[in-house]
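>>> generate a structure from the sequence data that follows.
(one chain, ligands or ions: 1)
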Amino acid sequence: MKTIDLRSDTVTLPSHKMREAISQAELGDDVFEEDPTVNALEKQAAERFGKEAALLVVSGTMGNLASVLVHCGRGTEVILGDQSHTFRYEAGGIAALGGVHPHLIPNAADGTLSLEAIEAAIRPDNVHFPRTRLICLENTHNRCSGTPLTAAYTAEVADLASRHGIAVHLDGARIFNAAVALNVDVTELTDCVDSLTFCLSKGLSSPVGSVICGSKAFIDEARRIRKALGGGMRQAGIIAAAGIVALEEMTERIAEDHNLAARLAQGIAGLKGLTIDVDRVLTNIVYFDVESERFTAEAFVNSLDAQGVRMLALGPNRIRAVTHYGIEAVDIERALVVMADVVQAL
Ligand code: TLP
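A predicted model of the protein is given here:
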């Protein structure tokens, strides 16, 4: 029986069309900037986001790291949400490899950072303080229920940043999920940021890769940093070929993932022993809690696993399920049946 893997949209496998494109890709040495397929993907990505240039990188982590390193020198500071992926899940790379000091402020439940808190975190010019160089936003916000940040909010942050001469980088790992959920063109969410990273390998189902977009000068610098990080990939057209299919064909179907996430959330709301705020489920990420007196999140996901349904336990009570390409309506119905079984048995 098919395993229903809802741990992450990173588990997506390439479509048939992607495999075909990979097998037929024209290749060259991308460190010499001679891989025609990489060049085509980068051109297409830059155009899609209305930026001057783009750069294919190995992962979202590398995209955020290279971007922060371009914006910030050693000993300077970046303002980050305390729930941000860059702070929580990127192995401390910005500090370890870049000497960049993270200044954390709390994320609200919807993934935003309050403008007052950002303003208060910006350092005055004083020999005691690091210089503030950058504000990072995340859209959709992974740990904040996958909530999309609106264009209006992003513009307010960018305005504030520009008044202080600070740049804005957007971790847009799931930016197409945000655009679909808000029913806007993706450029509305990214026009006012200086740089952004988006992932080919999550909701867009490519096997590998993320893309950084920004000004030509920014991308030239990011290319050097990518090389220093060991990310010069030679015949990377193998990866880029799938990325082109992802950009051309996989962005619109994301609405299906959102509908299935909403259905999953609605089903969970009807199960005893589990609690969920269905109104917070706006994209493809579903968080819910188990009642701790009866069973832990870990026990719950282990029991699901034994019946072929996989989710992630992200705390003593907290569980995350993510819908994605390859998950169909029947899978969500089966997952709900298995969950109902497990809550009764535990
Ligand atoms: N997120 C992964 C895990 O690392 C938690 C997931 O399963 O959600 N930004 C955001 C907002 C992300 O969610 C992720 C991956 C990344 C960056 C990093 O991307 P990769 O995994 O390509 O380095």
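>>> Provide the secondary structure category for S292.
coil (DSSP: H, G, I helix; E, B strand; the rest coil).
>>> not counting its neighbours along the chain, what's nearest it?
N317 (5.0 Å; C-beta to C-beta, 6 or more residues apart in numbering). All C-beta spots, glycine's among them, are computed from the backbone N, C-alpha and C.
>>> repeat that for V68.
That would be I94: by C-beta to C-beta, 6+ apart, it lies 4.7 Å from V68.
>>> might one say that the residue nearest to S292 is in contact with A297?
Yes. Taking C-beta atoms under 8 Å as the definition, N317 is a contact partner of A297 at 5.4 Å.
>>> picking up where we left off before, tell me who's in contact with the residue nearest to S292.
Counting by C-beta atoms under 8 Å, 6 or more residues apart in numbering, N317 makes contact with D289, V290, E291, S292, T296, A297.
>>> from A335, how far off is the last one?
In this structure, A297 and A335 are 16 Å apart, going by C-beta to C-beta, to the nearest Å.
>>> also F218?
With C-beta to C-beta as the criterion, F218 and A335 are 42 Å apart.
>>> higher neighbour count, the two?
More crowded of F218 and A335, by other C-beta atoms under 10 Å: A335, with 25 against 22.
>>> which helix or which strand is home to the more buried one?
Using DSSP states H and E, the element containing A335 is helix 329-345.
>>> any buried residues in that helix, and which?
Neighbour counts using 16 or more other C-beta atoms under 10 Å place D331, I332, R334, A335, L336, V338, M339, A340, V342, V343 of helix 329-345 among the buried residues.
>>> need the pLDDT of the nearest residue to N142 once chain neighbours are set aside.
Sequence neighbours aside, H85 is the residue nearest to N142 in space, at 5.4 Å (criterion: C-beta to C-beta, 6+ apart). At H85, the pLDDT value in this model is 98.
>>> does H85 touch L170 like I think?
No. Between H85 and L170 there is no contact under C-beta under 8 Å: 11.7 Å.
>>> tell me how far the closest residue to the ligand within the stretch 51-200 of the chain lies from N302.
The ligand sits closest to G60 of the stretch 51-200 of the chain, with a gap of 2.5 Å, by C-beta to the nearest ligand atom. Per C-beta to C-beta, G60 is found 28 Å from N302.
>>> more neighbours: which of those two?
The residue with more neighbours, out of G60 and N302, is G60; 27 against 13, by other C-beta under 10 Å.
>>> so the more buried one makes contact with L200?
No. Judged on C-beta under 8 Å, G60 makes no contact with L200 at a distance of 9.4 Å.
>>> thinking again about what came up before, so the residue nearest to V68 is in contact with H103, correct?
No. In this structure, I94 is not within contact of H103 by C-beta under 8 Å, at 11.4 Å.
>>> the more surrounded of the two?
Neighbours per residue (other C-beta under 10 Å) separate I94 from H103, with I94 holding more: 24 against 18.
>>> secondary structure element for the more buried one, which one?
helix 93-96.
>>> for that helix, which residues meet the burial criterion?
G93, I94.
>>> near the ligand at all, that helix?
No. On the criterion C-beta under 6 Å from any ligand atom, helix 93-96 is out of touch with the ligand, staying 10.1 Å away.
>>> ok, now stretch 277-293?
No. Judged by C-beta under 6 Å from any ligand atom, stretch 277-293 makes no contact with the ligand; its nearest approach is 7.9 Å.
>>> which element is E248 on?
Going by DSSP H and E, E248 is in helix 237-249.
>>> how far off centre is that helix?
18 Å (C-alpha atoms, centre = their mean, to the nearest Å).
>>> dump that helix to PDB, restricted to CA.
C-alpha atoms of helix 237-249 as PDB (Å, rounded to 0.1, in the frame of the first residue of the first chain):
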ATOM      1  CA  GLY A 237      21.600  21.800 -16.200                       C
ATOM      2  CA  ILE A 238      20.600  18.300 -14.900                       C
ATOM      3  CA  ILE A 239      19.000  20.100 -12.000                       C
ATOM      4  CA  ALA A 240      17.900  23.200 -13.900                       C
ATOM      5  CA  ALA A 241      16.000  21.200 -16.500                       C
ATOM      6  CA  ALA A 242      13.600  20.100 -13.800                       C
ATOM      7  CA  GLY A 243      13.500  23.600 -12.400                       C
ATOM      8  CA  ILE A 244      12.300  25.000 -15.700                       C
ATOM      9  CA  VAL A 245       9.400  22.500 -15.700                       C
ATOM     10  CA  ALA A 246       8.700  23.400 -12.100                       C
ATOM     11  CA  LEU A 247       8.400  27.100 -12.900                       C
ATOM     12  CA  GLU A 248       6.400  26.500 -16.100                       C
ATOM     13  CA  GLU A 249       4.000  23.900 -14.800                       C
END
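>>> give me the common contacts of G60 and L200.
S210.
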